[in-house]
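Trainee: after the sequence you'll find the predicted model.
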Amino acid sequence: MLYIGRFAPSPTGPLHFGSLVAAVASYCDAKANAGKWLVRMEDLDKPREVSGAADEILHTLEAFGFEWDDEIVYQSQRDEYYVDALNTLQKQALVYLCTCTRKEIADSSNAMGIDGLIYPKTCFFKPSLQTSIHKACRVLVLENNIAFLDAIQGEITQNLARDVGDFILKRKDGLFAYQLAVVVDDALQGITHIVRGADLLDSTPRQIYLQQNLNTATPHYAHIPIATTLAGEKLSKQTLAQPISMSLAEHQLFDALKFLGQNPPAIIKNATLNEVWRWAITHWTLKKVPKNRSAHLSE
Ligand SMILES: [Zn+2]
């Protein structure tokens with residue numbers, strides 16, 4: 001079986017336990033299937049990027065013994081591919097320009113979707129004639145269900161029109177949106193299997209919709225529970241998640257395997273990093289990963 005997996009961190013801060021778990025899961029699944037494992041830096045959102053974070057993430061991955069295949073891809077250097085994809089969608093009349101501000105949308109929509117207010121298609125029905133104003137690009141979605149079978153979370157169904165609305169492909173500030181970039185890059189890198197945090201589960205139907213309209217293959221998906229604080233908040237820079245330290249990598253790897261339901265035997269907690277990895281890849285079982293969208297690490 002051809003298997004190409006990936007880990008795609010955003011350089012908005014150092015790796016924390018939650019991102020380590022996603023890296024470990026995608027790595028073990030790729031290696032257990034004799035696959036390739038690629039690293040892609042999702043650094044499209046330059047305003048949110050923390051200087052030096054991309055290098056720090058890569059150093060941390062190295063210190064943990066991850067070995068990636070091929071060159072690292074940086075999304076900030078790939079605008080030409082995103083432009084091509086946008087053109088392909090435009091040719092199918094699936095894209096329209098939007099000048100609405102957040103406030104205008106809040107004033108004109110009362111339909112709440114899974115990701116905030118549903119855009120009421122104001123600019124689709126009445127295109128703005130103003131040329132001086134910055135415009136976003138939205139994709140027209142359809143009133144039909146998109147379903148996929150997630151290897152961990154089971155069958156997921158979403159109606160994009162009802163649950164999400166016409167979403168943004170390119171922002172007013174000229175930056176391409178994550179949803180478009182991730183689909184383009186997964187396709188160009190030949191990604192066959194995506195193992196990532198369940199915070200992206202609700203984005204997957206949008207990505208499948210774009211794959212269908214860009215005529216690219218839909219990879220296999222497996223969404224692992226995201227690591228939360230005891231209060232149930234996602235670990236992130238906002239919740240002041242501690243960066244993982246490079247010392248005692250083997251203990252943190254052990255904790256990540258425990259979080260992922262792999263039941264590593266206590267005896268390997270004191271093994272070398274290489275030994276923990278060998279155990280992890282040999283014993284990796286996707287079916288053992290908890291089927292929750294989130295979980296916190298029990299002591
Ligand atoms: Zn608009």
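Mentor: Nice, thanks for sending it over.

Trainee: which stretches of the stretch 151-299 of the chain form strands?
Mentor: 154-159, 168-170, 193-197, 220-224, 226-227, 294-295 (DSSP state E, counting those that start in this stretch).

Trainee: so which of the ones you listed is nearest Tyr209?
Mentor: For these, proximity to Tyr209 was assessed by Cβ to Cβ; strand 154-159 is nearest, at 9.2 Å. For every residue, glycine as well, the C-beta is placed using N, CA and C.

Trainee: what ranges does the stretch 101-250 of the chain have for its helices?
Mentor: 102-108, 122-125, 160-163, 178-188, 204-214, 249-259 (DSSP state H, counting those that start in this stretch).

Trainee: contacting residues for the closest residue to Gln252 other than its chain neighbours?
Mentor: Of all residues not flanking Gln252 in the chain, Ile244 sits nearest, at 5.6 Å (Cβ to Cβ, 6 or more residues apart in numbering). By Cβ atoms under 8 Å, 6 or more residues apart in numbering, the residues touching Ile244 are 14-17, 20, 60, 252.

Trainee: now tabulate those in CSV and tack on distance to Asp202, pLDDT and secondary structure.
Mentor: Formatted as CSV, the contacts of Ile244 follow (distance: Cβ to Cβ, whole Å; pLDDT from 0 to 100; DSSP: H, G, I helix; E, B strand; the rest coil):
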residue, distance to Asp202, pLDDT, secondary structure
Pro14, 26, 89, coil
Leu15, 23, 91, coil
His16, 21, 88, strand
Phe17, 22, 90, helix
Leu20, 23, 95, helix
Thr60, 28, 95, helix
Gln252, 28, 92, helix
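
Trainee: and the stretch 51-200 of the chain, which of its residues are near the ion?
Mentor: Where the stretch 51-200 of the chain comes near the ion, counting by Cβ under 5 Å from the ion, the residues are 98, 100, 122-123.

Trainee: quick check: most distant residue from the centroid of this protein.
Mentor: Distance to the chain centre peaks in the chain at Leu129, reaching 35.6 Å (criterion: Cα atoms, centre = their mean).

Trainee: quick one: it from the ion, how far?
Mentor: Remark: distance between Leu129 and the ion (Cβ to the ion, to the nearest Å) = 13 Å.

Trainee: ok, back up a step: include neighbour count when you put the contacts of Ile244 into TSV, please.
Mentor: Converted to TSV, those look like this (neighbours: other Cβ atoms under 10 Å):
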residue	neighbour count
Pro14	20
Leu15	22
His16	18
Phe17	18
Leu20	24
Thr60	21
Gln252	20
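
Trainee: tell me which of those residues is nearest to the ion?
Mentor: For the contacts of Ile244, the minimum distance to the ion (Cβ to the ion) is 36.0 Å, reached by His16.

Trainee: for Lys170, give me its contacts.
Mentor: For Lys170, the contacting residues are 82, 86, 136-137, 176-177, 180, by Cβ under 8 Å, 6+ apart.

Trainee: spatially, which two of these are the most separated?
Mentor: Most distant of those, by Cβ to Cβ, are Tyr82 and Ala136, 14.0 Å apart.

Trainee: just the pLDDT at the nearest residue to Pro290 once chain neighbours are set aside, thanks.
Mentor: In space, and not counting its chain neighbours, Pro290 is closest to Gly261: 5.0 Å by Cβ to Cβ, 6+ apart. For Gly261, the pLDDT comes out at 96.

Trainee: likewise for Ala227?
Mentor: pLDDT, Ala227: 87.

Trainee: in contact with it, which residues?
Mentor: So Ala227 contacts 17-18, 21, 234-235, 259, 294-297 (Cβ under 8 Å, 6+ apart).

Trainee: could I get those as CSV with distance to the ion?
Mentor: Formatted as CSV, those follow (distance: Cβ to the ion, whole Å):
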residue, distance to the ion
Phe17, 39
Gly18, 34
Val21, 38
Lys234, 30
Leu235, 34
Phe259, 42
Ser294, 33
Ala295, 38
His296, 40
Leu297, 43
